[in-house]
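# Okay, predicted coordinates and the sequence, questions at the end:
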Amino acid sequence: MEATDTDTIGRVSMCVTRSNQPVIGQIFLIGLIASFVFSAGYSRAADELVPPFGFRWNDSMARVEAVLHGAKTKLVLREKKQNREVWTVEGLIHPGLKRTVFTFKERALVAVELQYEYPDWSIERYNQRMGEIRKYFDEKYGTGKLVSRSRDHDTEVIQTLVGYQWMVGTTMLELFYFSAQHDNLVYRTISVDYKAL
């Protein structure tokens, strides 16, 4: 009996398929393990907030200073508060960002606070922006806890403070709106505070 081209192609494809079954199974298994490892790494990353601007918790003061120097920022104030060192920096580029406060404990980064000011904005625009930021954080980290809502009329300066907090693993994120008004003089700020606990 003479083999036809169709028979030969069929036998060759069966041999190739059979011999590749263990390889295909191995590739599938490797792909499954890789996707598990990457998803586990992603969920671990989601269990902790990272500070902004590419910094990491426990970055050394020297590293933070080198990055800030490279970004041509201005270190406005260095002060020691109890067992911490606090730097106030201006010049990091982000819309509305007035200043950034870096806090170090034992010469390692433990907090970054972003302070936003928009001089031309009305109180309505500040409220709208506060709502947008809060919604973004709620969607990303779950519903934030209201930690402060006060309005003080007891002095000549009317002060308002509203704050929310999100706990993510061993880190905390806080969002605050603060205003102080005396007659026509008004100061308003929104701050976003990242902290390692």
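Now that the structure is in, tell me what you want to look at.
# What's the local residue count around the spatially closest residue to residue 57 that is not a sequence neighbour?
Closest residue to residue 57 apart from its sequence neighbours, by C-beta to C-beta, 6 or more residues apart in numbering: residue 196 at 4.3 Å. Every C-beta, even on glycine, is put in place using the N, C-alpha and C of the backbone. With neighbours defined by other C-beta atoms under 10 Å, the count for residue 196 comes to 21.
# Which positions in the helix or strand hosting residue 62 come out as buried?
Per DSSP states H and E: residue 62 is located in helix 61-70. Within helix 61-70, the residues that count as buried by 16 or more other C-beta atoms under 10 Å are 64-65, 68.
# how much space between the residue nearest to residue 57 and residue 157?
33 Å (C-beta to C-beta, to the nearest Å).
# Also residue 174?
23 Å.
# which one of the two has more residues nearby?
A side-by-side neighbour count of residue 174 and residue 157, using other C-beta under 10 Å, places residue 174 first with 20 against 14.
# Wasn't that one part of a strand?
Yes. Applying DSSP: H, G, I helix; E, B strand; the rest coil, one finds residue 174 inside a strand.
# How about it, nearest residue that isn't a chain neighbour?
That would be residue 193: by C-beta to C-beta, 6+ apart, it lies 4.3 Å from residue 174.
# tell me the pLDDT at residue 153?
pLDDT, residue 153: 77.
# Next, give phi and psi for it.
Phi and psi for residue 153, reported as degrees, to the nearest 10, are phi -110, psi 10.
# Renumber starting at 13 from here on
With the count now opening at 13, the last piece we talked about shows up as residue 165.
# and it, how many neighbours does it have?
Using other C-beta under 10 Å, residue 165 has 9 neighbouring residues.
# Then residue 111?
Using other C-beta under 10 Å, the number of residues around residue 111 comes to 20.
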